[in-house]
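Colleague: Here's my sequence, what's the structure:
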Amino acid sequence: MRALVVDDEVSLGDLLQMALRYEGWDVKTATGGQQALTIARQFKPDVVVLDVMMPDLDGMEVLHRLRSEGDVPVLFLTAKDSLDDRIAGLTAGGDDYVTKPFSLEEVVARLRGLIRRSSRIVSDAVDPELRVGDLLLNEESYEVSRGDTPIELTATEFELLRYLMRNPRRVLSKAQILDRVWSYDFGGRSSIVEIYISYLRKKIDSIGQPMIHTVRGVGYLIKPANS
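Modeller: You can find the predicted model right below:
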C-alpha cells in the first residue's frame with residue numbers, strides 16, 4: 001500500500017510515516033499543498049492523509065485538485081473539530097475525518113477501512129496471511145497456528161504477535177511496541193510488554209524451537225526457529 005501524508009507539522013508527518021511503515025506501507029510525506037500535488041502525481045498513492053490548514057494551498061483545495069485527477073481515498077486530519085468543519089470536509093469529498101490529537105491506532109484502522117472500501121484496490125491485492133517460519137497468522141479470520149497446531153490468543157496477544165510478524169528479524173523496542181499495541185494506554189510502563197511477551201512465548205515457543213527472542217537493552221524480535 002502507498003500512502004501520502006500531508007501536514008505542515010514535520011514531526012507529526014514523521015510520526016505517521018513511521019507508524020505506517022511499521023504496517024508495511026510505502027509512505028511519502030509533504031509539508032504543503034503544492035508539494036503534495038506534485039508528489040501525488042508521481043507517487044500515485046492508494047490513500048492520502050491530508051491536513052486542512054496549510055500555508056499555501058489548504059486541504060480543501062488540495063482535495064479538489066486531487067479529485068479532478070482521480071479518486072484516491074482521502075482522510076482529513078485536522079485540529080478543527082466542530083460539526084460544521086466535519087461536514088465541510090466530508091461534503092467537499094473527503095472519505096473520513098480524524099481530529100487532533102489522535103491515536104495512531106485509530107488513524108491506521110481508518111486508513112485500512114478506506115483501502116478496503118476503495119474500488120481502486122482489487123480484492124486480492126492484500127494477502128491476509130503473515131508467515132514466519134512455520135508460524136501462520138491470518139489477519140482476517142484472526143486464526144493463528146504453528147505447524148498443524150492451532151493457537152488461541154487474546155485480542156492483545158494477537159495484536160502484539162501481528163506487530164512482531166510484520167517486522168520479522170527486526171528488533172522492536174518496548175517503546176515502539178507500547179505505541180503500536182497499546183498507544184501508551186498503560187502510561188508507558190514497559191512491564192506490560194514483558195508480561196505479554198511471556199504470554200506469547202508460553203503459547204508459541206512451547207510448541208517447538210524458540211521464535212521470540214530478547215535483545216538485551218534493545219527489545220524483542222521474531223524469526224524462524226533455528227535461523
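
Colleague: And for stretch 214-225, what's in contact with it?
Modeller: Applying Cβ atoms under 8 Å, 6 or more residues apart in numbering, the external contacts of stretch 214-225 come out as 132-135, 161, 164-165, 167-174, 176-177, 193, 197, 208-213. For every residue, glycine as well, the C-beta is placed using N, CA and C.

Colleague: what's the following helix or strand after the lowest-mean-pLDDT helix or strand in the chain?
Modeller: The helix or strand of the chain with the lowest confidence, counting by mean pLDDT, DSSP states H and E, is helix 83-91 at a mean of 55. Sequence-wise, the next helix or strand downstream of helix 83-91 (DSSP states H and E) is strand 96-99.

Colleague: average model confidence for that following strand?
Modeller: Strand 96-99 comes out with an average pLDDT of 78.

Colleague: buried residues in that strand?
Modeller: Within strand 96-99, the residues that qualify as buried are Asp96, Tyr97, Val98, counting by 16 or more other Cβ atoms under 10 Å.

Colleague: OK, contacts around the last one?
Modeller: This means Val98. Shown in contact with Val98 (Cβ under 8 Å, 6+ apart): Leu75, Phe76, Leu77, Glu106, Val107, Arg110.

Colleague: coming back round to it: export the buried residues of strand 96-99 to JSON lines and append columns for distance to Thr156.
Modeller: As requested, the buried residues of strand 96-99 are arranged in JSON lines below (distance: Cβ to Cβ, whole Å):
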{"residue": "Asp96", "distance to Thr156": "25"}
{"residue": "Tyr97", "distance to Thr156": "28"}
{"residue": "Val98", "distance to Thr156": "23"}
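
Colleague: picking that back up, quick one: mark the members of the contacts of stretch 214-225 that sit in helices.
Modeller: In helices, judged by DSSP state H, the following of the contacts of stretch 214-225 are found: Leu161, Leu164, Met165, Lys174, Gln176, Ile177, Val193, Ile197.

Colleague: which residues does the last one contact?
Modeller: Remark: with contacts taken as Cβ under 8 Å, 6+ apart, Ile197 is in contact with Leu160, Ile212, Thr214, Tyr220.

Colleague: Which single one of those is nearest to Phe43?
Modeller: Leu160 (31.4 Å; Cβ to Cβ).

Colleague: can you tell me how far that closest one sits from Glu9?
Modeller: Distance from Leu160 to Glu9, counting by Cβ to Cβ, to the nearest Å: 29 Å.

Colleague: More neighbours: which of those two?
Modeller: A count of neighbours by other Cβ atoms under 10 Å puts Leu160 above the other of Leu160 and Glu9, at 24 against 15.

Colleague: So that one is in contact with Ser198, correct?
Modeller: No - contact between Leu160 and Ser198 fails when scored by Cβ atoms under 8 Å: they sit 11.1 Å apart.

Colleague: and Ala3, how many neighbours does it have?
Modeller: Under the neighbour criterion other Cβ under 10 Å, Ala3 is assigned a count of 25.

Colleague: how about it, secondary structure?
Modeller: strand (DSSP: H, G, I helix; E, B strand; the rest coil).

Colleague: Just list the residues touching it, thanks.
Modeller: If you count contacts by Cβ under 8 Å, 6+ apart, Ala3 has them with Leu20, Trp25, Asp26, Val27, Lys28, Pro45, Asp46, Val47, Val48, Val49, Leu111.

Colleague: quick one: strands adjacent to the helix or strand hosting the fifth one?
Modeller: Okay, so that is Lys28. Using DSSP H and E, the secondary-structure element containing Lys28 is strand 26-30. Strand 26-30 has the following sheet partners, assigned by DSSP bridges: strand 2-6 (parallel).
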